[in-house]
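**Q** Got a sequence here, can you build the structure:
(chains A, B and C)
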Amino acid sequence: MSPRQQTYYRGIRMAPYDLVREGLIAILVVLVLVCGLAAWLSSPDEPPLTVQHVATSDPVTFLQTALGELNGTDSISTYGPPYNSGSGSVQSLGPISLQRLAGVRIPIDPARDDVLGPLGMVAAIDPRAGTALATFTAAGASQQAAWETAFGAALGKARMQGQAVVLPNGAYGPVAPMLTALLNLGRAGLLEPAVDHSDRIYSTDNTRSLLFLQASALPALASQDHLVGTQWGMMNETGNYPGQAWLWLYTFWYQVPAYASSPNADVLVMATMGVLTLILLVLPWIPGLNQLPRLLGVYRLIWRDYYREQALSATVPQRPETPAGGQP
Amino acid sequence: MNHVPQYLHWWFIQISVPNLTAIGLMVVVFALALVLPYPRRRTRGIGQ
Amino acid sequence: MNLTSSLRNRLERKVALEDLLPDELPSYVHAYVYLFGIATIASLFLLILSGIWLAMAGPTWWHVSNLGHYVNSVHFWCVQAFFFFMVLHLWTSFFQGAWRDGRGATWTVGVLCFLVGLGTAFTGYISQQNFDAQWIAVQGKDALNAIGVGAFFNVLNFGQMYGFHIVVLPVAVSALVGLHLLLVRTHGVVRPYPANDREGDQ
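**A** This is a model prediction of the structure:
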């Protein structure tokens, strides 16, 4: 022991200790524990939701999502930074919006990325889709809007006939064959590759395809698994498994109406957790708080043997202390 | 194990049985660690 | 000034090998609560080993192989063990007032280990390439976008998240845990509160 520590521990009985052996035993014990748990309980692996699944099992939702992206009314088209300069999901704390300050660094244009772009690829193998696309892009904005509005209204009255989505007659122009072609692309399992790999064939970035699914398909499934924010979802896991229980305090704030109902809910929660985290970091220097352990007294339980020894040795005549602070 | 777990509701708190088990186990293990006597071997101080 | 010799002299002053690897400790360390720290480190060690195995086989392996799924399960339960023991270690250190006598930095570095560990777990969950990963990503993006972080840390970008999870954050956690251990060993474990409550302890 260094002289500094000898001085610090003066008056305290030392005992032999083997840190390396303790470390090895700890590794062995934890290894047995985790290998046993892994063999007994395995781990969750709920398969990802695919656009193919949505296009096949719920084509109306698919078409509504695609239409929303085409006419720019979906939540991503109006989101704001980092995707675009909208304001639908921009949050601020008072006058400061870190979201705006960060800027548009992940440019997403759902109409181009998720609808028109993939249809351009489909056009190479499906001439009818190509013709519809050409008709659409050549038309003026107000004509496009008229077709989109009519199609959107019709989707509300859609019915299924086998696998086909049947709409009432209407003036949908090229929008109907365009989105039908997109639906078929989705059913073939090719929408994700078309949107995620259109720029770079080996991209590992799933931003566009995930944003396509996040509108309604993912939340619907998440709700069944109790993963939604108002269900303390952040703590939870798919299947009968523990989740991230350590996020309890973070997810707690989303259950507080004042936070949950605010348009700036996320920034408020982050700010609150930021302050609490700062307090935890500098706890040793916060007067009052740093006295809590002494006041709570749990330390008396932790060190009860030491205190008992000290009390006993106080009643027994002492030999002079050795420099290393050992006791007889 | 892939079925949706049971959720317990108390006041505004919703917690899954696996999470409650994990947290409960933490409290129990901590309490046991506080109160269980550590096996004592014949210790010797230094400087005898 | 010779940087090498000044670093060596600094280390010689501050770090004694007999403190890094002592063969005796204060007798009060013989208590179960003192095992939570090493249990946390053991969990981290096994997390890294199982993680290396998963990384060597690639991110798809555990979805298509029984052995891969088992190794992933070990990795999953190591995460649970890591946070389980780390929180118990935090509770212990708190109730001991373990920051006393100049050990404030040890506490702060410990909290940083916890925080970076949270980030490592988060990026790990996002790297699973399953439904849970999809959901955590699309949910997490809103909170991170709201504070301007999402523009630089894109939770929907698998490549970026995977890179953070298997390289950047494990290195950060390991460095912080190493620093935490160095501080614990060079200062030594904190003394008990004085039996007489009226004495100060800072």
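**Q** From now on I want contacts and neighbour counts done on CA atoms only, so please keep to that.
**A** Noted.
**Q** Flag every residue of chain B that's near chain C.
**A** Within reach of chain C by CA under 8 Å from any CA of the partner chain, chain B has these residues: B:26, B:30, B:33-34, B:36-38.
**Q** tell me which of those is nearest to residue A:11?
**A** residue B:38 (22.0 Å; CA to CA).
**Q** Buried ones in stretch A:187-202, by neighbour count?
**A** A:187, A:189, A:191-192, A:194-197 (16 or more other CA atoms under 10 Å in any protein chain shown).
**Q** so does it get close to chain C?
**A** No: if you take CA under 8 Å from any CA as the test, stretch A:187-202 misses chain C, and the best it gets is 10.3 Å.
**Q** Now do the end-to-end distance for that stretch.
**A** 22 Å (CA to CA, to the nearest Å).
**Q** ranges for the strands of chain C?
**A** C:24-26 (DSSP state E).
**Q** residues near the residue of the stretch 201-328 of chain A found nearest chain C, how many?
**A** Ranked by CA to the nearest CA, the top residue of the stretch 201-328 of chain A for proximity to chain C is residue A:205, at 4.2 Å. Neighbour count for residue A:205, taken as other CA atoms under 10 Å in any protein chain shown: 19.
**Q** tell me the contacts of it?
**A** Counting by CA atoms under 8 Å, 6 or more residues apart in numbering or on different chains, residue A:205 touches A:196, C:156-160.
**Q** can we see that at 10 Å?
**A** A:196-197, C:154-161 (CA atoms under 10 Å, 6 or more residues apart in numbering or on different chains).
**Q** want to throw these into TSV with distance to chain B and pLDDT?
**A** As requested, the contacts of residue A:205 are exported to TSV (distance: CA to the nearest CA, whole Å; pLDDT from 0 to 100):
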residue	distance to chain B	pLDDT
A:196	30	95
A:197	32	89
C:154	28	98
C:155	25	98
C:156	25	97
C:157	27	97
C:158	24	98
C:159	27	97
C:160	29	98
C:161	26	98
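**Q** Can you tell me which of those residues is nearest residue A:10?
**A** The nearest one, if we look at the contacts of residue A:205 relative to residue A:10 and count by CA to CA, is residue C:161, at 50.0 Å.
**Q** if we can go back for a sec, so which of the buried residues of stretch A:187-202 are in helices?
**A** A:187, A:191-192, A:194-196 (DSSP state H).
**Q** so which of those residues comes closest to chain C?
**A** For these, the nearest to chain C is residue A:196 (10.3 Å; CA to the nearest CA).
**Q** distance of the residue sitting nearest the centre point of chain C from residue A:101?
**A** The residue lying closest to the centre of chain C (CA atoms, centre = their mean) is residue C:113, at 4.1 Å. Separation of residue C:113 from residue A:101 (CA to CA): 29 Å.
**Q** Not counting sequence-adjacent ones, nearest residue to the residue in chain B positioned nearest to chain A?
**A** Residue nearest to chain A within chain B (CA to the nearest CA): residue B:2, separated by 4.1 Å. Spatial nearest neighbour of residue B:2, chain neighbours left out: residue A:239 (4.1 Å); criterion: CA to CA, 6 or more residues apart in numbering or on different chains.
**Q** Do a quick rundown of the strands in chain B.
**A** B:7-10, B:13-16.
**Q** Tell me which of those strands sits most buried.
**A** strand B:13-16 (a mean of 19; mean count of other CA atoms under 10 Å in any protein chain shown).
**Q** By residue count, what's the longest helix in the chain?
**A** Let's take chain A. Max-length helix for chain A by DSSP H is helix A:19-41.
**Q** um, chain C though
**A** Chain C, longest helix under DSSP H: helix C:66-96.
**Q** That one near chain B anywhere?
**A** Yes: judged by CA under 10 Å from any CA of the partner chain, helix C:66-96 and chain B are in contact via C:80-81, C:84-85, C:87-89, C:91-92.
**Q** Stretch C:184-196 now?
**A** No: Stretch C:184-196 stays clear of chain B (CA under 10 Å from any CA), getting no nearer than 14.8 Å.
**Q** average pLDDT across that stretch?
**A** Mean per-residue pLDDT for stretch C:184-196: 94.
**Q** For PyMOL, what selects the buried ones among the residues of helix C:66-96 next to chain B?
**A** Buried members of those, defined by 16+ other CA under 10 Å, are picked up in PyMOL with:
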select buried, chain C and resi 80+81+84+85+87+88+89+92
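**Q** The longest helix of chain C: how far from the chain's middle?
**A** Centre-to-centre, helix C:66-96 and its host chain are 10 Å apart (CA atoms, centre = their mean, to the nearest Å).
**Q** Which elements pack onto it?
**A** helix A:19-41, helix A:292-296, helix A:298-302, helix B:17-35, helix C:36-57, helix C:61-64, helix C:104-126 (3 or more CA pairs under 10 Å, 6 or more residues apart in numbering or on different chains; DSSP states H and E).
**Q** Dump those to a markdown table, plus distance to residue A:280.
**A** Formatted as a markdown table, these follow (distance: least, CA to CA, whole Å):
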| stretch | distance to residue A:280 |
| --- | --- |
| helix A:19-41 | 28 |
| helix A:292-296 | 13 |
| helix A:298-302 | 19 |
| helix B:17-35 | 20 |
| helix C:36-57 | 18 |
| helix C:61-64 | 37 |
| helix C:104-126 | 7 |
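**Q** Skipping adjacent residues, who's closest to residue C:190 in space?
**A** Closest to residue C:190 by CA to CA, 6+ apart is residue C:98, at 5.7 Å.
**Q** Verify the stated contact: the one you found with residue C:104.
**A** Yes: at 8.1 Å, residue C:98 and residue C:104 qualify as touching, with contact defined as CA atoms under 10 Å.
**Q** More neighbours: those two, which one.
**A** Per other CA under 10 Å, whichever of residue C:98 and residue C:104 has more neighbours is residue C:98, with 23 against 19.
**Q** Provide a list of residues in contact with that one.
**A** Residue C:98 is in contact with A:284, A:293, C:90, C:92, C:104, C:106-107, C:184, C:189-193, counting by CA under 10 Å, 6+ apart.
**Q** try it again with 8 Å
**A** Taking CA under 8 Å, 6+ apart, one finds C:107, C:189-190 in contact with residue C:98.
**Q** what residue ranges in the chain score low on pLDDT?
**A** If you meant another chain, say so; for now it's chain A. Chain A contains residues with pLDDT under 70 at A:316-328.
**Q** The intended chain is chain C.
**A** C:197-202.
**Q** Point out the residues in it that sit beside chain B.
**A** Going by CA under 8 Å from any CA, the residues of chain C near chain B are C:30-33, C:84, C:88.
**Q** Walk me through the domains of chain A.
**A** A:51-220, A:225-284 (automatic domain parsing).
**Q** can you list those in CSV and add distance to residue C:14?
**A** Output for these, formatted as CSV (distance: least, CA to CA, whole Å):
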stretch, distance to residue C:14
domain A:51-220, 42
domain A:225-284, 22
